[in-house]
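**Student:** show me how the following folds:
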Amino acid sequence: MLRVSNIKIDIDDSIELVREKLCKKLKIKDNEIKYYSIYKESIDARKKNSNISLVYTVDIKLKNEKRFMKFNPKDCVEIKTNKYRDIKVGSEALEHRPVIIGSGPAGLFAALLLTQRGYSPILLERGADVDTRTNDIDEFWKDGKLKANSNVQFGEGGAGTFSDGKLTTRLKDIRCEKVLSEFINFGAPEDIQYSHKPHVGTDILKGVIKNMREEMISLGAEVRFNSQVTDIQIEDGKVVAVVINDNEVLPTQHVILAIGHSSRDTYRSLYKSGVEMEQKPFAMGARIEHPQEMINKTQYGKFADHPKLGAADYRLTAHADNGRSVYTFCMCPGGSVIASASTEGQLVINGMSEHARDLENANSGLLVNIETSDFESDSPLAGVEYQEKYEKMAYELGGKNYNAPVQLVGDFLEGRASTSIKTVNPSYKPGITMTDLSLCLPDFVVEAMRDGIRKLDHKLHGFAMEDAVLTGIETRSSSPIRIKRDYETLESVNVGNLYPCGEGAGYAGGIVTAAVDGIKCAEKIIEKFSPRNI
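**Tutor:** Alright, predicted model coming up:
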């Protein structure tokens, strides 16, 4: 198979023109094509006030590829396959069903693959099913009533369920194809397979996750909600069982640990049990909101309202004068800033969009890198404690009722507290408190953010808009801990049969990378063991 890049059409052209231009580029006749599919679509908006183009990369199978490649065609490379292929099943006996802890992307895809291959896994989720969880979150956003195990961080689908559902990744791994294909199979839009910046949206993602669960159950998996793993039993350096809700012991030979980046009580329990882990850098900052209309015009010029473009996004980085990196994270076009707390007395926020991305504001994390040298101890848990310290400060600054501390960008840059909203309406619920964000962030983070906002305005004019809104604080961009695992086996370096997995274990950064890591861990069980004796 061949992969051909740089096939360009005008934004108003039909996508059917891609095949014609492909033939012209390769100097072939249409009947020489046995198969072709779009691998990637991107937008060329460099001439946004005169012309915007769509640029395609296409996978194609020809009748005589070897002869064709002798001529070394431009923008054309050979690939082995563009589809995920199942690995061979092992032969060792597996007495107990594999257990997956956590139903975020890593846990879901580990469970899905094991189910599809006949291993009948048990998926344990500390939180509620997605429908119950949605109701609990809506109540929290309305009245500030937080439920400890049913919130934006915990519950079916993990934290990514209440996000933009962004599926972008820099990962070059054929397993990404399986992730996207399975999402489509369970109800996601087909264009995520090739879109340059694919996203599902939280509204569609909820249905996709339910469909995955129902399929797994029909194929023999067991999915259990409100089932928090409170201990992992270890004998002779290997996992032998997990304890659920402090009272049920579930024997198992293999545990995939996909707990997510907010399971702080589980981190502490694992540390107490001697599971090796280490500090990991993360990032901290706030969410910044601008009018989506302004972002559209800045990014797309006179094409801002073109139906093929939708709500514009951005991805920006800057190097602050104090040596810190400042960058935008998890940008949510046409979305909202959401209350994402998972612990009483602590406040953290995130961003979310539905598939249509049709709300009035754009928001993005505006983050500054936090190094392990910033932590206040050498303990592997120091990063968690660092997060908790500032989340408590934000909670108190907001009014101790989950109202978020908010400041206008103009006031933030001048170092004065804000007293009222102007032209940009904050989207955060249950409420806001106008204040000074420097009171709940480290000084070096505030300094870097101020410098970064001014520098990013040179890259995206209007970013430093005085009326733009900053909402604090964001601390959960990634896990502050890495649970150490062997590079080859993917097992914990000192506890056998335990597979630290996904974002919570420090090995992923987003929905797709976490899902791929879940697949990798499941493959390690499949290639060694047979499901026949389960």
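
**Student:** what's the end-to-end length of stretch 287-297?
**Tutor:** With Cα to Cα, to the nearest Å as the measure, the ends of stretch 287-297 fall 21 Å from one another.

**Student:** would you map the helices across the stretch 301-450 of the chain?
**Tutor:** With DSSP state H, counting those that start in this stretch as the definition, the stretch 301-450 of the chain shows helices at residue ranges 382-398, 409-414, 443-459.

**Student:** same question, the chain
**Tutor:** Assigned helices in the chain, in chain order: 17-26, 65-69, 105-116, 130-143, 175-185, 202-218, 264-272, 292-300, 382-398, 409-414, 443-459, 511-526 (criterion: DSSP state H).

**Student:** mean confidence for the third one?
**Tutor:** This means helix 105-116. Per-region confidence: helix 105-116 scores 98 on mean pLDDT.

**Student:** and that helix, what other elements does it pack with?
**Tutor:** Packing partners of helix 105-116 (3 or more Cβ pairs under 8 Å, 6 or more residues apart in numbering; DSSP states H and E): strand 99-101, strand 122-124, helix 175-185, helix 202-218, strand 255-257, helix 511-526. C-beta: built from backbone N, CA, C; applies to glycine.

**Student:** returning to what we had before: save the helices of the chain as CSV, and put in mean neighbour count and distance to Thr169 too.
**Tutor:** Rendered in CSV, the data for those read as follows (neighbours: other Cβ atoms under 10 Å; distance: least, Cβ to Cβ, whole Å):
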stretch, mean neighbour count, distance to Thr169
helix 17-26, 16, 24
helix 65-69, 13, 28
helix 105-116, 29, 11
helix 130-143, 17, 23
helix 175-185, 20, 6
helix 202-218, 18, 16
helix 264-272, 18, 25
helix 292-300, 20, 22
helix 382-398, 20, 24
helix 409-414, 18, 30
helix 443-459, 19, 23
helix 511-526, 26, 4
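
**Student:** distance of Lys178 relative to Asp236?
**Tutor:** From Lys178 across to Asp236, the span is 35 Å (Cβ to Cβ, to the nearest Å).

**Student:** okay, the helices and strands packed on helix 105-116 in a markdown table with distance to Ile432 next?
**Tutor:** Below are those laid out as a markdown table (distance: least, Cβ to Cβ, whole Å):
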| stretch | distance to Ile432 |
| --- | --- |
| strand 99-101 | 36 |
| strand 122-124 | 36 |
| helix 175-185 | 34 |
| helix 202-218 | 21 |
| strand 255-257 | 37 |
| helix 511-526 | 28 |
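
**Student:** which one of these lies nearest to Asn149?
**Tutor:** Nearest of these to Asn149, taken as Cβ to Cβ: strand 122-124 at 12.1 Å.

**Student:** quick one: strands adjacent to the closest one?
**Tutor:** With DSSP bridges as the test, strand 122-124 is paired with strand 99-101 (parallel), strand 222-224 (parallel).

**Student:** now, of the ones you listed, which is deepest in the fold?
**Tutor:** When you average the neighbours per residue for each of these (mean count of other Cβ atoms under 10 Å), strand 99-101 leads with a mean of 28.

**Student:** looking only at pLDDT, what's the mean for it?
**Tutor:** Averaging pLDDT residue by residue across strand 99-101 gives 98.

**Student:** do stretch 447-461 as well
**Tutor:** For stretch 447-461, the per-residue pLDDT averages 98.

**Student:** ok, His306 - contacts?
**Tutor:** Applying Cβ atoms under 8 Å, 6 or more residues apart in numbering, we find His306 in contact with 11, 52, 300.

**Student:** report pLDDT for it.
**Tutor:** The score at His306 is 93. That number is its pLDDT.

**Student:** report the separation between Gly158 and Ile259.
**Tutor:** Between Gly158 and Ile259 the distance is 9 Å, computed by Cβ to Cβ.

**Student:** actually Leu498, sorry about that
**Tutor:** Leu498 sits 12 Å away from Ile259, going by Cβ to Cβ.

**Student:** what residues sit buried inside stretch 460-468?
**Tutor:** Applying a neighbour-count criterion of 16 or more other Cβ atoms under 10 Å, one finds 460, 463-465, 468 buried in stretch 460-468.
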